[in-house]
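*Asks:* Have a look; sequence and predicted model below, questions after that.
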Amino acid sequence: MTRPTDVHAYAPARPARPVKLYRFALSGHCHRIELMLNLLDLPYETIDVDLAAGENKQPAYLAINPFGQVPAIDDDGVILADSNAILVYLATRYDAQQAWLPHDAVAAARVQRWLSVAAGDLAFGAAAARVAVVFNRSVDTTAMIERGVLLLTRIEAHLTAPNASPFVTAATPTIADVALYSYLAHAPEGNVSLQPYPAVRAWLARVEALPRFVPMPSTACGLNAVAA
Ligand SMILES: N[C@@H](CCC(=O)N[C@@H](CS)C(=O)NCC(=O)O)C(=O)O
C-alpha cells in the first residue's frame, strides 16, 4: 500500500468536536489562542479558570497543565499547554495551506524568531507591566516598561525597514503576528504607550482587519485610565 509521505495528508480539516480552551479572559496568552481558533474558523468552547481563586493550582487543573498556567487546550484528547506550542499545533494540524506556519526552512525560522520574542522580551516587558497594573501588584514596573519600550522601538524599526512586509514575517499573517498581537495591543494598560510607533499601530490595525478577528477585553488601566 502506498502511503502519502506528508503526515498532514491525514490531518482533519476541522476538529471532530469543539476544542476545549482553558483560559482566563484577561490573559493575552489565552487571547492568542482564542484569536487563532477564530482566524482558523475552528469550533471551540471556553472553560474559565479562576486564577484569583487559585483554581489553576488545584489537582484537577494541574492534571491538565502541571505548570498551573493558562492557556491549555483539549482537542479530542490531545491536551497541550503553552500558548506558542498551541499556536504551532493548531496551525500545523488545521491549516492545510500551511500559511500560518510555513514549512519552508527560512520562513519557519523567521516565525520561530518572533515566537521567542513573544515568550521573552514581550512576556517579561510590556505584558509583565500590564499584569502588575491591571492586577494591582505592588512591584516596580520601571524595568518592565523600559523593556517594553525597547521592544516596540525594535519592532517599529523592523516594520519600517526597506524590505519590510505588511505582517511581521511575510505579506500574509502567520502565528508570529498572533503571538505578538495581544500584549502589544494592550501595552498601554501597563503604561507602555503605542503613540510613538505608527508602523506598529498600522500593523495592529492590519491584524484587527483580518476576517473573524476577535478582540481581547480592554481594561481602564494604565494609560487607558489616563485617557478615559
Ligand atoms: N509560557 C506560557 C505562559 C502562560 C502564563 O504566564 N499564563 C499566566 C496567565 S497570563 C498564568 O497562568 N499565570 C498563573 C500562574 O503562573 O500561576 C504560555 O505561553 O502559555
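*Replies:* Good, I have the coordinates. Source: prediction; values computed, not measured.

*Asks:* if I pick Glu208, what's in contact with it?
*Replies:* Going by C-beta atoms under 8 Å, 6 or more residues apart in numbering, Glu208 touches Ala185, Pro215. C-beta here means a position set from N, CA and C on the backbone, and glycine is covered the same way.

*Asks:* How about the contacts made by the closest residue to Ala227 other than its chain neighbours?
*Replies:* Leaving aside its chain neighbours, Ala227 sits nearest to Pro188 (7.8 Å; criterion: C-beta to C-beta, 6 or more residues apart in numbering). Neighbour list for Pro188: Leu194, Gly222, Leu223, Asn224, Ala227 [criterion: C-beta under 8 Å, 6+ apart].

*Asks:* Packing partners of the helix ranked longest in the chain?
*Replies:* Looking across the chain with DSSP state H, the single longest helix is helix 142-160. Helix 142-160 sits against helix 128-134, helix 175-185, helix 198-208, with contacts defined as 3 or more C-beta pairs under 8 Å, 6 or more residues apart in numbering; DSSP states H and E.

*Asks:* Could you check the angle that helix makes with helix 175-185?
*Replies:* Relative orientation of helix 142-160 versus helix 175-185 (axes from the mean of the first three to the mean of the last three C-alpha atoms, to 10 degrees): 130 degrees.

*Asks:* Go ahead and name everything in contact with helix 142-160.
*Replies:* With C-beta under 8 Å, 6+ apart, helix 142-160 has contacts from 117, 121-122, 124-126, 128-129, 132, 164, 168, 180, 184, 187, 190-192, 194, 196-200, 202-203.

*Asks:* Same question for stretch 75-95.
*Replies:* 8, 11-17, 19-20, 29-30, 32-33, 36-37, 40, 42, 64-65, 67, 69, 71-73, 98, 100-101, 115, 118-119, 174-175, 178-179.

*Asks:* Any of these buried? List them.
*Replies:* Buried residues within the contacts of stretch 75-95, counting neighbours by 16 or more other C-beta atoms under 10 Å: 15, 19-20, 29-30, 32-33, 36-37, 40, 42, 64-65, 69, 71-73, 100-101, 115, 118-119, 174-175, 178-179.

*Asks:* before we move on, back to that, which one of the helices and strands packed on helix 142-160 is the most hemmed in?
*Replies:* Counting by mean count of other C-beta atoms under 10 Å, helix 175-185 has the highest mean neighbour count of the helices and strands packed on helix 142-160, with a mean of 26.

*Asks:* From the contact counts, what lies against that one?
*Replies:* Against helix 175-185 (3+ C-beta pairs under 8 Å, 6+ apart) you get helix 28-39, helix 83-94, helix 105-117, helix 142-160, helix 198-208.
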